[in-house]
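*Asks:* From the sequence below, what's the structure:
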Amino acid sequence: MPDWLPDMVCVNPWTDRTYDLLYEIFCRDIRDHDLRYIGNLVWIFKDMEDGREKIFWHLTTRSAKKEKIPRRKRKFYPPGQTYIDEDRYPDLRRCERLTWVRALIENAEAPEVMAWDYEEGDADIKTYVWFKGYDFVVIMKKVRNNRRRLITSFYVDKEYKRQDFERKYQNRIK
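*Replies:* Sure thing, here's the model as predicted:
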């Protein structure tokens, strides 16, 4: 592990304070931090859902729809929480790596990191910051003035996603 990479967060066992702890990290590292990608501002939408920014939920939960979890098994009520979107559930691997989001964005030029822009089919330009050796990616949308909007991050646990990132890297904007 490179020395610029912070330790992961302990989220197992899950407690009634886990989301509070993660939210404190999110606020410190992302929401309230002057986050920069290769010198360019990185920002987030401030839209709220269940008392926290929607992006927080994208950084700590996973879509049940993509996992094809039957609807009756989607609801998740962790201790101390009153509501979680029934179409998303906590992703422990995302949660424990939440401290990596800021570190990867700010160290995108490190030799261990693959960072590139890719034009998607809808003409949006997305920036991928992939810590390939540790299967973790941060995805941002490039907007005017080279600024980026943070979209999500996640642990890459599917081979088809690794292949997709490889393809996008090969076809990146140069």
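*Asks:* Tell me which residues of the helix or strand where residue 23 lies come out buried.
*Replies:* When elements are assigned from DSSP states H and E, residue 23 belongs to helix 18-26. Taking 16 or more other CB atoms under 10 Å as the basis for neighbour counts, the residues of helix 18-26 that come out buried are 18, 19, 22, 23, 25, 26. The way it works is simple: take the backbone N, C-alpha and C, and place the C-beta from them, glycine included.
*Asks:* would you list every one of the helices in this structure?
*Replies:* Along the chain, the stretches classed as helices by DSSP state H are 18-26, 54-60, 64-67, 92-96, 98-106, 159-170.
*Asks:* Going by mean pLDDT, which of those comes out lowest?
*Replies:* The stretch with the lowest mean pLDDT among the helices of the chain is helix 64-67, which comes in at a mean of 61.
*Asks:* still on that earlier bit, can you tell me which of the buried residues of helix 18-26 lies closest to residue 46?
*Replies:* residue 26 (12.5 Å; CB to CB).
*Asks:* Quickly note the distance from the closest one to residue 125.
*Replies:* With distances defined as CB to CB, to the nearest Å, the gap from residue 26 to residue 125 amounts to 25 Å.
*Asks:* which regions of this structure lie under the pLDDT threshold?
*Replies:* By pLDDT under 70, the weakly predicted segments of the chain are 65-86.
*Asks:* ok, and the closest non-adjacent residue to the most centrally placed residue in it?
*Replies:* Nearest to the geometric centre of the chain sits residue 153, at 1.7 Å (CA atoms, centre = their mean). Here the nearest residue to residue 153 in space, its sequence neighbours aside, is residue 138; by CB to CB, 6 or more residues apart in numbering that works out to 4.3 Å.
*Asks:* check contacts around the one you found.
*Replies:* Contacts of residue 138 were listed using CB atoms under 8 Å, 6 or more residues apart in numbering, and they are 100, 101, 104, 105, 128, 129, 150, 152, 153.
*Asks:* Mind putting the residues you listed into TSV with distance to residue 173?
*Replies:* Below are the contacts of residue 138 laid out as TSV (distance: CB to CB, whole Å):
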residue	distance to residue 173
100	24
101	23
104	19
105	18
128	11
129	14
150	19
152	20
153	21
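*Asks:* Among the residues you listed, which pair sits farthest apart?
*Replies:* Farthest apart among the contacts of residue 138 - using CB to CB - are 100 and 128, which lie 14.4 Å from each other.
*Asks:* and those two? which has more neighbours close in?
*Replies:* residue 100 (24 against 18; other CB atoms under 10 Å).
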